[in-house]
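Peer 1: got a sequence here, can you model it:
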Amino acid sequence: VPFSYFHLLNILISLTVLATGIGSLILVEQHDSPSYCLAFFPYSVVTFVLLALRQLSGELADPFGEDDLDFPIADFMRHIYDNVIAMYERFSVL
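Peer 2: I've put the predicted structure just below:
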């Protein structure tokens, strides 16, 4: 993800979380007896989902690095090399 899009995404997530919080507070204030559970649970779920998606997209953005979640490129290359050598030895005419 380009650097500018990453910051735009962070701004949009922050605005969404802020708007959800304000909307939840307005919903609670419209009732005669304010129940803060009505505001807390939807706000928590929306915030958790948005932040989890941001974290997941950050982890999946570069799958070819040295992190724990990245693909083992050296193992893939070694396996392909071994298979190519085996096929070459099997089908060589020499």
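Peer 1: tell me how far Ile85 lies from Ser92.
Peer 2: Taking CB to CB, to the nearest Å as the measure, Ile85 falls 10 Å from Ser92. In this view, the C-beta of every residue, glycine as well, is placed from N, C-alpha and C.
Peer 1: neighbour-wise, which of these two wins?
Peer 2: More crowded of Ile85 and Ser92, by other CB atoms under 10 Å: Ile85, with 10 against 7.
Peer 1: pLDDT at that one, what is it?
Peer 2: Listed pLDDT for Ile85 reads 94.
Peer 1: and Ile22, by the same measure?
Peer 2: pLDDT for Ile22: 86.
Peer 1: what's around it, how many residues?
Peer 2: Counted with other CB under 10 Å, residues neighbouring Ile22 total 11.
Peer 1: now the element after the lengthiest helix in the chain, going C-ward?
Peer 2: If you go by DSSP state H, the chain has its longest helix at helix 3-30. Later in the chain than helix 3-30, the nearest helix or strand by DSSP states H and E is helix 36-60.
Peer 1: and the angle from that following helix to helix 3-30?
Peer 2: Counting by axes from the mean of the first three to the mean of the last three CA atoms, to 10 degrees, helix 36-60 lies at 170 degrees to helix 3-30.
Peer 1: list the buried residues of helix 36-60.
Peer 2: Buried residues in helix 36-60, counted by 16 or more other CB atoms under 10 Å: 39, 43, 46, 50.
Peer 1: roughly how far does the second one sit from Leu12?
Peer 2: Right, Tyr43. For Tyr43 relative to Leu12 (CB to CB), the value is 17 Å.
Peer 1: same deal with Ser92?
Peer 2: Distance, Ser92 to Leu12, using CB to CB: 58 Å.
Peer 1: please apply the same query to Ile26.
Peer 2: 21 Å.
Peer 1: what's the answer for Met77, then?
Peer 2: 39 Å.
Peer 1: same thing with Phe91?
Peer 2: Relative to Leu12, Phe91 is positioned 55 Å away (CB to CB).
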